[in-house]
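Asks: predicted model and sequence below, questions to follow.
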Amino acid sequence: MRVLGIETTCDETAAAVVSTRPDGSGEILSSEVMSQIAEHAAYGGVVPEIAARAHVDLIDRIIRRALERAGTTMDDIDAVAAAAGPGLVGGVIVGLTTGKALALATGKPFVAVNHLEAHALTARLTDKLEFPYLLLLASGGHTQLIAVTGVGTYSRIGTTVDDAIGEAFDKVAKMLGLPYPGGPQVERMADRGDPRRFDFPRPMLGRAEADFSLSGLKTAVRLQADRIGAITENDAADICASFQAAIVDMVIDRVRAGLRIFRATHGYPTALVIAGGVAANGAIRRALARLGSETGLPLVLPPPELCTDNGAMIAWTGIERLRAGFQDGMDFAPKPRWPLDPGAQRVHNGKA
Ligand code: KG4
Ligand code: ZN
């Protein structure tokens, strides 16, 4: 099977071709991603209207390039998969409509993919991972712990009650005058700062449930920055290091809580998987690797280009869903909000 995947839910326009090998595993034949960071940087974040227009601009080129790099044409594609949400609706409409149009014009099956499901299943593409596993999905828009037990069966074990982790990194960067996206900038500054200079709060630490909260930490950083006033390079480095140390402690504690809940409800997971842009953070990766060796639980970290938004994860999810017997009609509507676990209707701050 050979599937074209299209991703336009945020600020990356992406398309990829993924095929299956005889043993059922996936092979990425091409994966083209165009980031719009430069277009949004001046505004310090993603501007939905600019994102939607950029997707319209780029989508046909990206798809053509993905087909070319894969050495294939639509004739040899077996199905089209497009992300149908959750995300910025203007962008979602661009990718979803393009995917439907291609499927309709070529008479191929169409799969509407949940972007979060695609992050959740990436570890099966990269590592042939067996179910069930625990996923920490941490990006600019999402922070969730999810029990992945099968294709289409996900239970949300924990979620943020306010901001996403990546969002907190971005906001701290903005407070310190660092460019967008803030995560990599804050990490770079943290490398040469003193993580013990400021004792920032670690919200939710020690709680039995596996939820996250970032806003108290963010406010503490803002108050500290205000107290200092004229912030030097050293102050900024110490703030970043102390902030990142608080995040690391919180992530480890919340993942521990998530593992306890997982074991009580689903038995032993095959692995702990991290996905989303925040998974690029070295301090978080190292801390989770330590947790993995301490608990004997394998840690699966897809390569950074497959942790952040891409078309390969959409194509792969298309393959997984087709194999499981799912297919979608041309009437499938874009879903700005689309929780992976419809039973867990705890929607905070407008985010699923
Ligand atoms: O998954 P992603 O590329 O896009 C979505 O949000 O869907 O994640 C981007 C987020 C941004 O908030 C960015 O600041 C954060 O991931 N990020 C990081 C790092 N690299 C990216 N956060 C912490 N440390 C990093 N090295
Ligand atoms: Zn994403």
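Replies: Sure, I can see it. Ligands and ions are numbered 1, 2, ... in the order given.

Asks: next one: phi and psi at the most centrally placed residue in the chain?
Replies: By CA atoms, centre = their mean, the chain has its centre lying nearest to residue 276, at 2.9 Å. Main-chain dihedrals, residue 276, degrees, to the nearest 10: phi 100, psi 160.

Asks: who in the stretch 101-250 of the chain is up against ligand 1?
Replies: Residues of the stretch 101-250 of the chain that fall close to ligand 1, judged by CB under 6 Å from any ligand atom: 139, 140, 141, 166, 167, 169, 170, 181, 182, 183, 184, 187. Quick note: C-beta positions are derived from backbone N, CA and C, even for glycine.

Asks: buried subset of the residues you listed?
Replies: Taking 16 or more other CB atoms under 10 Å as the criterion, what is buried in these is 139, 140, 141, 166, 167, 169, 170, 181, 182, 183, 187.

Asks: so the fourth one sits in a strand?
Replies: No. With DSSP: H, G, I helix; E, B strand; the rest coil as the criterion, residue 166 is located in helix rather than a strand.

Asks: that one reaches residue 183, doesn't it?
Replies: Yes. Using CB atoms under 8 Å, residue 166 is in contact with residue 183, at 5.8 Å.

Asks: need the overlap of contacts for those two.
Replies: 277, 278 (CB atoms under 8 Å, 6 or more residues apart in numbering).

Asks: helices or strands up against the helix or strand of the chain with the lowest mean pLDDT?
Replies: Ranking every helix and strand in the chain by mean pLDDT, DSSP states H and E puts helix 37-41 at the bottom, with a mean of 84. Contact partners of helix 37-41 among helices and strands, from 3 or more CB pairs under 8 Å, 6 or more residues apart in numbering; DSSP states H and E: helix 48-69.

Asks: and the helix it packs on, which residues are buried?
Replies: 50-56, 58-59, 62-63, 66-67.

Asks: correct me if wrong, but residue 158 is in a strand.
Replies: Yes. Assigned with three-state DSSP, residue 158 falls within a strand.

Asks: nearest residue to it in space, please, no chain neighbours.
Replies: Leaving aside its sequence neighbours, residue 158 sits nearest to residue 210 (CB to CB, 6 or more residues apart in numbering; 3.0 Å).

Asks: next one: residue 189
Replies: Excluding its sequence neighbours, the residue lying closest to residue 189 (CB to CB, 6+ apart) is residue 240, at 3.9 Å.

Asks: which parts of the helix or strand where the one you found lies are buried?
Replies: Element membership of residue 240 [criterion: DSSP states H and E] is helix 233-266. Within helix 233-266, the residues that qualify as buried are 235-248, 250-255, 257-259, 261-262, 266, counting by 16+ other CB under 10 Å.

Asks: do the same with stretch 325-335
Replies: Quick answer for stretch 325-335 (16+ other CB under 10 Å): 326, 328, 332, 334, 335.

Asks: give me the phi and psi for the third one.
Replies: Summarising the backbone geometry of residue 332 under the convention degrees, to the nearest 10, its torsions are phi -60, psi 120.

Asks: what's the pLDDT at it?
Replies: We have a pLDDT of 98 for residue 332.

Asks: and the nearest residue to it once chain neighbours are set aside, how far from residue 305?
Replies: Leaving aside its sequence neighbours, residue 332 sits nearest to residue 112 (CB to CB, 6+ apart; 4.2 Å). From residue 112 across to residue 305, the span is 24 Å (CB to CB, to the nearest Å).

Asks: neighbour count winner among the two?
Replies: The neighbour count for residue 112 versus residue 305, taken as other CB atoms under 10 Å, is higher for residue 112 (24 against 13).
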